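A.B. asks: here is my input; please provide its structure:
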Amino acid sequence: MSGGGTETPVGCEATPGGGDKKKDSLGTAGSPAHLIIKDLGEIHSRLLDHRPVIQGETRYFVKEFEEKRGLREMRVLENLKNMIHETNEHTLPKCREIMQDNLNQVLQRLRAASDSVCRLQQREQERKKILNDHLIASEKQHITQWEDFMKEQHSRQAEVDEEHRKAMERLKEQYADMEKDLAKFSTF
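C.D. replies: Numbers count the residues shown, from 1 in each chain. As a prediction, the model looks like this:
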């Protein structure tokens, strides 16, 4: 291969005279060269040609993996089937029964609460109506009192105005008398 010599192909022998005459491709079947070449071929295929071994190992690995995976998936599916069966047979009926019992209690409590709320609303409405009626009556009473007060104020105002007018007339008369008296004394 390297070294500048001539290469001889496997299965051919070089002629001692340097010629390239080919002998029989493997020589005779029982010759030592034939056995050596056969052993070399086997050694070469075992040491360097790993394809058959790798293919066999690959097939074995894939087969084992698929079997284990299949078994694992079967176990998972079996577990799921058991869980679903248990849920359908035991858990759901218990839940349904408990829900029915609790829903009946809840409905009774809800009805009682609704009735209580209705009664409270009626009481509140009655109380508001009474309070509103009382406020309206009180407002009417205040309006009536205010009108009476205003009428009374007008009549008092008229009385005060009349008293004031009379007082003014008296004062005018008194001052007129005083002026007359003064006029009498000033003539002296």
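A.B. asks: any idea of the mean pLDDT for stretch 143-155?
C.D. replies: Averaging pLDDT along stretch 143-155 yields 93.
A.B. asks: below-threshold pLDDT in the protein: ranges please.
C.D. replies: 1-29, 187-188 (pLDDT under 70).
A.B. asks: which residues of it fall in helices?
C.D. replies: Here the chain has its helices, by DSSP state H, at 32-47, 51-86, 92-186.
A.B. asks: out of those helices, deepest packed?
C.D. replies: Among the helices of the chain, helix 32-47 has the highest mean neighbour count (mean count of other Cβ atoms under 10 Å), at a mean of 12. Heads up, the C-betas are built off the backbone N, CA and C, glycines and all.
A.B. asks: distance between that one and the chain's centre?
C.D. replies: Computed by Cα atoms, centre = their mean, to the nearest Å, the chain-centroid distance of helix 32-47 equals 75 Å.
A.B. asks: can I get it in PDB, CA atoms only?
C.D. replies: Only the C-alpha atoms of helix 32-47 are listed here, as PDB (Å, rounded to 0.1, in the frame of the first residue of the first chain):
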ATOM      1  CA  PRO A  32      -2.800 -23.900   3.100                       C
ATOM      2  CA  ALA A  33      -3.200 -20.600   1.300                       C
ATOM      3  CA  HIS A  34      -6.800 -21.300   0.800                       C
ATOM      4  CA  LEU A  35      -7.300 -22.000   4.500                       C
ATOM      5  CA  ILE A  36      -5.300 -18.900   5.500                       C
ATOM      6  CA  ILE A  37      -7.400 -16.800   3.200                       C
ATOM      7  CA  LYS A  38     -10.600 -18.300   4.500                       C
ATOM      8  CA  ASP A  39      -9.400 -17.700   8.100                       C
ATOM      9  CA  LEU A  40      -8.400 -14.100   7.300                       C
ATOM     10  CA  GLY A  41     -11.800 -13.500   5.800                       C
ATOM     11  CA  GLU A  42     -13.500 -14.700   8.900                       C
ATOM     12  CA  ILE A  43     -11.200 -12.700  11.100                       C
ATOM     13  CA  HIS A  44     -11.700  -9.700   9.000                       C
ATOM     14  CA  SER A  45     -15.500 -10.000   9.100                       C
ATOM     15  CA  ARG A  46     -15.500 -10.600  12.900                       C
ATOM     16  CA  LEU A  47     -13.100  -7.700  13.600                       C
END
